[in-house]
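Asker: pasting the sequence and the predicted model now:
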There are 2 protein chains.
Amino acid sequence: MSPVNSPLAKKLNSFAPLSPDELTCLADLQARRRTVAAMTEIVHEGQTDHRAWILQEGWANCYKLVPNGGRQIIGFPLPGDFMGLRSILLRTSDHSFASLTDAVVTEVPKHRIDEIFQAFPRLATSILWAMSRDEAMVVEHLVSLGRRTAIEGLAHLFLELGQRLSLVDLVSGSGFACPLNQYVLADALGLSAVHVNRVLRQLRERGLVSVKAHQVIIHDLDGLRELAGYDSTYLNGDRPAR
Amino acid sequence: MSPVNSPLAKKLNSFAPLSPDELTCLADLQARRRTVAAMTEIVHEGQTDHRAWILQEGWANCYKLVPNGGRQIIGFPLPGDFMGLRSILLRTSDHSFASLTDAVVTEVPKHRIDEIFQAFPRLATSILWAMSRDEAMVVEHLVSLGRRTAIEGLAHLFLELGQRLSLVDLVSGSGFACPLNQYVLADALGLSAVHVNRVLRQLRERGLVSVKAHQVIIHDLDGLRELAGYDSTYLNGDRPAR
DNA sequence: CGCTGGTTTGAAGGTCGTCAAGAAGGGTGG
DNA sequence: CCACCCTTCTTGACGACCTTCAAACCAGCG
C-alpha cells in the first residue's frame, strides 16, 4: 500500500479534499511503519509521553478496567484512526489502547503535529475534525449503553463499524471482516458474552445481520437502521450521508 | 461576585496558577453576563454558530434524545464550565445544552478564543486542559453505564459532582446544593426514576449519602469511594488528589 | 488426536423496568 | 389560613431483560 493512499488520507479526504502538498505531508508523517502483535498495549492509561499513533492496518480497542475485574471498551480504532492524539494536544491519556489483531502503526511525535498546524492549517482542521468525530462516537456509545437495549446497541455498533470501514475501503458488498469475538463485543456493550450470543442469534433469525468466520454480513440495512434508530450524521461532519 | 473571582478562574487556577494578566483577560472574557430561565435550551444539537458559552451560576445538562422517546444525559455543566466549546474549536455540537435551573451565562465568540490562543498561550493550555477533563468525564460516565451497577453509578456521580463543585467553592462541609430530581438522575444513569428512588434509599440506609430538599449530604466519604471504585485523578490533571 | 479458544444452549436467579397508586411537599388563589 | 393544585417522591406487585453458572459443542492447530 502506498502511503499516499493511506487509510488516514482516505478518511480525511472524505471530510475535505486534500491537495497534493497535503497528501505528501501525510505520506511523510506515516513513512515509518511498525508492526505490532495482537493483544499488545500501545498506550497505557495515565501515560504522558508526547506522542500519538496512527493505526495503519488491523484493529485495536481502547478501554478502562474497573476495580471489580470488569472491563469497559470505549471504542475501536480502525485503520486510519489516531490513537492517543489527545495525550499529545491536551494532557495525558485517561484510558489504554491495545491492538486486537496483528497491526501496523506509525508513531507521531508531538513536533510533527506542531509542524502540521503551522504549515498546513487546512490539514490541521481536518485532523481536528477527526478528533471531534471520535468524541461524537464516544457520546453515541454512551447513548447505546444508557438508552438502547442490547439488540439495538449491537445493531448500532455494526452499522457504525460498517460506515467507518467503508470510508477506508474495507467493506466489500454488504459485509466486512471483523475480528471481534463475543467477549469483546460484550465488554464494549456492557453485556455478558452469553447474552451477546443470544442477541446475535436474534439478529440472525430476524434476517438483519449474521456473523460467521470473522465476517459480518448485513442482510437488511434498512431494517437494521430502523431497529437501532441509527442516524449517520455524527460520522459525516454533518453533511448528508452518502 | 467579581469576575476576577469567577468560577472559571477558580477552576483553571487549580490546574495552573494564573498571572494577573491572565486573570484580567478571563475577567474581560466574562464581562457581559446574561441570565437564562430554568429549562431553556442554550445550544441545539447540530448547531454550527461559532460561539461557546461559559456557565457562571446555576446548573445545566447536555443530552441526546433517542427516537423512542428516551433521553440520555451526557453530562452536567456546572459554574465555571464551558458549554459548546467544541463547536467553536472543532465543528458542530453533537448534542444539546439546556439550563436546569435559572442560570447566568456569558457568550464567547470565536474570535475571543482565537485572541487568547494568540496572546496567552499558557491560558490556552489551561482551557485545553478543561476540555480534556470534560472528555474524561464522558468516558468515566460511559464506564458507569456499562460496567457499574445502579448504586455504584449513583455513588460515582455524587462523588464527581462533589469534587467538581468543591473546585468552585460550592461545597459547604460534607454537603452541596443539587437541583437534580430523580427523573434527571435516571436520564443520566440510564435507569428509570422508580429505580433511582430505590437506590437512593439504599444509599441512605447504608449511611453513605442522603438527599433531601435539594441538598446532597455525604455521610461516609470513604465508604462511598469504596462502593463506587472512585479514582479522582481524572479530574485533577493527574496530580495527586487534594 | 487432544488442546485451546470461541460459540452455543439450558436453567435459575437478580437487577431493573413498567404499571399503578398513594403520600408528601410547595405554590397559588380564594 | 385553608383548599387545591402540581410536581416530586415513595412503595408494591409483576414481569422483562440480562447475568451467572454449568456444560456441551465446534473448529483450528500443534
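Answerer: On my side now, so go ahead.
Asker: and the pLDDT at the residue most central in space within chain A?
Answerer: What sits nearest the mean C-alpha location of chain A, by CA atoms, centre = their mean, is A:Pro77, with 3.2 Å. We have a pLDDT of 98 for A:Pro77.
Asker: where does chain A come near DNA strand C, residue by residue?
Answerer: Contacts of chain A with DNA strand C, taken as CB under 7 Å from any atom of the strand, map to A:Asn181, A:Gln182, A:Tyr183, A:Ala193, A:Val194, A:Asn197, A:Arg198, A:Leu200, A:Arg201. Using the backbone N, CA and C atoms, a C-beta is placed for each residue, glycine as well.
Asker: residues contacting the helix or strand bottoming out on mean pLDDT in chain A, please?
Answerer: The least trusted helix or strand in chain A, going by mean pLDDT, DSSP states H and E, turns out to be helix A:86-89, with a mean of 77. Residues from elsewhere that reach helix A:86-89, judged by CB atoms under 8 Å, 6 or more residues apart in numbering or on different chains: A:43, A:47-52, A:93, A:108, A:110, A:113, A:131, B:128, B:132, B:135.
Asker: go again using 7 Å as the cut-off
Answerer: The contact list for helix A:86-89, computed with CB atoms under 7 Å, 6 or more residues apart in numbering or on different chains, reads A:Gln47, A:Thr48, A:His50, A:Arg51, A:Ala52, A:Ser93, A:Lys110, A:Ile113, B:Leu128, B:Ser132, B:Glu135.
Asker: counting neighbours, which of these comes out on top?
Answerer: A:Ser93 (25 neighbours; other CB atoms under 10 Å in any protein chain shown).
Asker: so where is chain A shaky, pLDDT-wise?
Answerer: A:1-4, A:90-91, A:237-242 (pLDDT under 70).
Asker: domain map for it?
Answerer: A:3-137, A:148-235 (automatic domain parsing).
Asker: the lengthiest helix in chain A and DNA strand D, any residue contact?
Answerer: In chain A, with assignment by DSSP state H, the single longest helix is helix A:121-147. No: figure legend: helix A:121-147 not in contact with DNA strand D (CB under 7 Å from any atom of the strand); closest approach 10.1 Å.
Asker: now do that helix: distance to the chain's middle.
Answerer: Distance of helix A:121-147 from the chain centroid (CA atoms, centre = their mean, to the nearest Å) equals 10 Å.
Asker: do it and chain B meet at all?
Answerer: Yes: judged by CB under 7 Å from any CB of the partner chain, helix A:121-147 comes into contact with chain B at A:128-129, A:131-132, A:135-136, A:138-139, A:141-143, A:145-147.
Asker: buried ones in that helix, by neighbour count?
Answerer: Buried residues in helix A:121-147, counting neighbours by 16 or more other CB atoms under 10 Å in any protein chain shown, are found at A:123, A:125-147.
Asker: do the same with stretch A:213-229
Answerer: A:Val216, A:Ile218, A:Gly223, A:Leu224, A:Arg225, A:Leu227, A:Ala228, A:Gly229.
Asker: quick check, A:Phe176 in contact with A:Gly162.
Answerer: Yes: the pair A:Phe176 and A:Gly162 qualifies as a contact (CB atoms under 7 Å) at a distance of 6.0 Å.
Asker: which ones are touching A:Arg148?
Answerer: Neighbour list for A:Arg148: A:His156 [criterion: CB under 7 Å, 6+ apart].
Asker: distance-wise, check it relative to B:Val66.
Answerer: According to CB to CB, to the nearest Å, A:Arg148 and B:Val66 sit 7 Å apart.
Asker: just the ones of the buried residues of stretch A:213-229 in strands?
Answerer: Residues of the buried residues of stretch A:213-229 located in strands (DSSP state E): A:Val216, A:Ile218.
Asker: and the buried residues of stretch A:213-229 as JSON lines, adding distance to A:Leu23?
Answerer: As requested, the buried residues of stretch A:213-229 are exported to JSON lines (distance: CB to CB, whole Å):
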{"residue": "A:Val216", "distance to A:Leu23": "31"}
{"residue": "A:Ile218", "distance to A:Leu23": "32"}
{"residue": "A:Gly223", "distance to A:Leu23": "39"}
{"residue": "A:Leu224", "distance to A:Leu23": "35"}
{"residue": "A:Arg225", "distance to A:Leu23": "33"}
{"residue": "A:Leu227", "distance to A:Leu23": "39"}
{"residue": "A:Ala228", "distance to A:Leu23": "35"}
{"residue": "A:Gly229", "distance to A:Leu23": "37"}
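Asker: quick one: which of the buried residues of stretch A:213-229 is nearest to chain B?
Answerer: Proximity of the buried residues of stretch A:213-229 to chain B (CB to the nearest CB) peaks at A:Gly229, which lies at 3.9 Å.
Asker: now that closest one. Nearest residue, chain neighbours left out?
Answerer: Computed as CB to CB, 6 or more residues apart in numbering or on different chains, the closest residue to A:Gly229 that is not its neighbour in sequence is B:Pro67, at 3.9 Å.
Asker: what number of residues lie near that neighbour?
Answerer: B:Pro67 - counted by other CB under 10 Å - has 12 other residues nearby.
Asker: setting aside sequence neighbours, what's the nearest residue to A:Ile74?
Answerer: A:Cys62 (4.8 Å).
Asker: in which helix or strand would I find the one you found?
Answerer: Element membership for A:Cys62, per DSSP states H and E: strand A:60-65.
Asker: next, the buried residues of that strand.
Answerer: So, applying 16+ other CB under 10 Å, buried residues of strand A:60-65: A:Ala60, A:Asn61, A:Cys62, A:Tyr63, A:Lys64.
Asker: hang on, A:Glu152 in a strand?
Answerer: No: when classified by DSSP: H, G, I helix; E, B strand; the rest coil, A:Glu152 is found to be helix rather than part of a strand.
Asker: surely it is in contact with A:Arg225?
Answerer: No: counting by CB under 7 Å, A:Glu152 does not reach A:Arg225; the two are 11.1 Å apart.
Asker: so who does the closest residue to A:Leu145 other than its chain neighbours touch?
Answerer: Using CB to CB, 6+ apart and skipping the chain neighbours, the partner closest in space to A:Leu145 is B:Leu145 (3.8 Å). B:Leu145 makes contact with A:Leu142, A:Leu145, A:Gly146, A:Gly190, B:Gly190, according to CB under 7 Å, 6+ apart.
Asker: how near is B:Leu145 to DNA strand C?
Answerer: Separation of B:Leu145 from DNA strand C (CB to the nearest atom of the strand, to the nearest Å) stands at 10 Å.
Asker: how close does that residue sit to B:His156?
Answerer: Relative to B:His156, B:Leu145 is positioned 11 Å away (CB to CB).
Asker: ok, A:Leu170 next?
Answerer: Counting by CB to CB, the separation of A:Leu170 from B:His156 is 37 Å.
Asker: more neighbours: which of these two?
Answerer: Shown here are A:Leu170 and B:His156; by other CB under 10 Å, B:His156 has more neighbours (23 against 19).
Asker: burial count for A:His111?
Answerer: When neighbours are defined as other CB under 10 Å, A:His111 has 11 of them.
Asker: so the closest residue to A:Ile151 other than its chain neighbours, which of the three states?
Answerer: If the residues on either side of it in the chain are set aside, A:Ile151 comes closest to A:Val199, at 5.0 Å by CB to CB, 6+ apart. Using three-state DSSP, the structure places A:Val199 in helix.
Asker: quick one: is stretch A:168-182 near DNA strand D?
Answerer: No: Stretch A:168-182 lies apart from DNA strand D when judged by CB under 7 Å from any atom of the strand; the minimum separation is 10.9 Å.
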